[in-house]
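> Got a predicted structure here, sequence first:
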Amino acid sequence: MADLSETIAAMAERNGTYHAAPGADWRQGQTLYGGLSAALAVHAAERAFPGLPPLRSAQFAFVGPAAGALAYRPAMARRGKSSAFVTVAADGEAGPATQALLCYGQARDSACRCHEVPMPLVAGPEGGVPFFTRPGVPGFSGHFDAMLVEGRPPVSGAERPFLRVWVRHHDPGPPDGALALIALGDALPPPALSLFSAFVPISTMTWSVELPPNPPMPGDDWYLFESRGEVIGDGYAIQDMKLWHADGRLALVGRQTVALYG
């Protein structure tokens, strides 16, 4: 198994295109794990355009299966005095795979400061139950440690689509900052799967990520991952996702639209 840091380091540049070929251990069904596909897009952008300010938000569309060797093509949409927008198009062996729009912005002096999303009071990782233990878990789950502290696991016939799970990279030396957070921030299955009593195929269609103002977050620490299904119907689920560092700082906010085939 090649961990996150090894997979990132193996990305090669040729004529402005960044090539990656993650191993089968990073697969999720017929495609690459979405968190890694998104992290590779960010890595390609930041290699193509050194000196970008901190990543503030990102939108990812998983338009097709990211299978086999992947080619990431970053382009600068606009660069201003304090912000930059970068697009990244990724193709796999089956054609278009991932489209990304990344928003970077310099920190500015501001009299405004507010934090209205405190971390819930829950048991620590040592008080949780191992999460990726059921038969049929995707191969990429071996790259993460995960301890369930609230909610029900997938295909358990739960009454609520809700999960709180402590997660961290199994990689002993992942990079700090946005790259590791994005690679971690898609690790849980959709909480809608907890409502089912038997497995059904799923596919993430879009993922929006916001990164709150913070110093770079440690890549190898525990994070509390809360995922909440908000609207489920017609074969789709809309879910809200949050990550808090173990010290209580909000690290990532996300929203996804997920297709449910069953």
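Okay, I see it.
> only C-alpha atoms for contact and neighbour calcs from this point on.
Fine.
> Can you classify P218 as helix, strand or coil?
coil (DSSP: H, G, I helix; E, B strand; the rest coil).
> Following the chain past the helix-or-strand element of the chain with minimal mean pLDDT, name the next helix or strand.
Lowest by mean pLDDT, DSSP states H and E among the helices and strands of the chain is strand 27-28, with a mean of 92. Sequence order places strand 31-32 as the next helix or strand after strand 27-28, per DSSP states H and E.
> and that following strand, which strands flank it?
strand 27-28 (antiparallel) (DSSP bridges).
> Can you name the residues in contact with the strand it pairs with?
The contact list for strand 27-28 (CA atoms under 8 Å, 6 or more residues apart in numbering) reads 33-34, 138-140.
> and if you look at stretch 7-24?
1-2, 32, 40, 43-44, 48, 68-74, 139.
> mind saving the C-alpha coords of that stretch as CSV?
The C-alpha trace of stretch 7-24 is given here as CSV (Å, rounded to 0.1, in the frame of the first residue of the first chain):
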residue,chain,number,x,y,z
THR,A,7,1.1,8.8,-3.6
ILE,A,8,1.4,12.6,-3.7
ALA,A,9,5.2,12.4,-4.1
ALA,A,10,4.8,10.0,-7.0
MET,A,11,2.8,12.5,-9.1
ALA,A,12,4.9,13.4,-12.2
GLU,A,13,4.7,16.5,-14.4
ARG,A,14,5.0,16.3,-18.2
ASN,A,15,4.4,19.4,-20.4
GLY,A,16,2.1,21.0,-17.8
THR,A,17,0.1,17.9,-17.1
TYR,A,18,0.4,16.0,-13.8
HIS,A,19,0.2,12.3,-13.9
ALA,A,20,-0.8,9.9,-11.1
ALA,A,21,-1.5,6.2,-10.9
PRO,A,22,-2.7,5.4,-7.4
GLY,A,23,-2.8,1.7,-6.5
ALA,A,24,-5.8,-0.5,-6.2
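> Do you have the helices of the stretch 151-262 of the chain handy? List them.
Using DSSP state H, counting those that start in this stretch, the helices assigned to the stretch 151-262 of the chain run over residues 178-184.
> actually the stretch 1-150 of the chain, sorry about that
Here the stretch 1-150 of the chain has its helices, by DSSP H, counting those that start in this stretch, at 4-9, 34-48.
> Give me the buried positions along the shortest one.
Read that as helix 4-9. Buried residues in helix 4-9, counting neighbours by 16 or more other CA atoms under 10 Å, are found at 4, 7-8.
> Quick one: mean pLDDT over it.
For helix 4-9, mean pLDDT is 96.
> now it: how far from the chain's centre is it?
15 Å (CA atoms, centre = their mean, to the nearest Å).
> same check, this time on stretch 51-59
15 Å.
> So what would you say the end-to-end distance of it is?
The straight-line separation of the ends of stretch 51-59 (CA to CA, to the nearest Å) is 21 Å.
> follow-up on the earlier one: now the helices of the stretch 1-150 of the chain as a markdown table including distance to A97?
Converted to a markdown table, these look like this (distance: least, CA to CA, whole Å):
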| stretch | distance to A97 |
| --- | --- |
| helix 4-9 | 18 |
| helix 34-48 | 9 |
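> Between the two ends of stretch 129-142, how far is it?
First-to-last residue span, stretch 129-142, CA to CA: 16 Å.
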